[in-house]
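> here are the coordinates; sequence isn't available:
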């Protein structure tokens, strides 16, 4: 099965110059854990997570109202293409210790693939389970 068949294509994103407080409100409002950071042309620049906001902004005693997302976002992302195989995406999630992957085509964000997307389809229960297990066991070791 291809990534395009499982990915979410209606993705909330944020611009690099927006404040961390807006990212936090979007995470809360949409009940999500990460927001891709995109330039005006739709090119993926990074991703900001709830963890990034807490650790790199709030715990660092920076003001979320004035701290731009570009200063706290994660860079160097692992991405997948809509034409990639879902099993390969699950393997990459395990290896990179992430629960979601941006889906990029020609450098532009076109969707997100999450472990939850794989878990909804019974065809990939084992892959999603294995990836989550490996991610969780490695988190405990840190």
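On my side now, so go ahead. Since the structure is predicted, the reported quantities are computational estimates derived from the model, not experimental observations. Numbering: from 1, shown residues only.

> thought residue 100 was touching residue 114?
Yes. Residue 100 is within contact range of residue 114, at 4.2 Å (criterion: Cβ atoms under 8 Å). From N, CA and C alone the C-beta is placed, and that goes for glycine too.

> can you map out the strands along the chain?
Residue ranges of the strands in the chain, as given by DSSP state E, are 34-38, 44-49, 100-105, 108-114.

> for the longest one, name the packing helices and strands.
The one in question is strand 108-114. strand 34-38, strand 100-105 (3 or more Cβ pairs under 8 Å, 6 or more residues apart in numbering; DSSP states H and E).

> please apply the same query to the third one.
Taking 3+ Cβ pairs under 8 Å, 6+ apart as the contact definition, the neighbouring helices and strands of strand 100-105 are strand 44-49, helix 86-96, strand 108-114.

> quick one on the thing from earlier: most neighbours per residue, which of the helices and strands packed on strand 108-114?
strand 34-38 (a mean of 24; mean count of other Cβ atoms under 10 Å).

> which secondary structure elements does it contact?
Looks like strand 34-38 contacts helix 20-30, strand 44-49, strand 108-114 (3+ Cβ pairs under 8 Å, 6+ apart).
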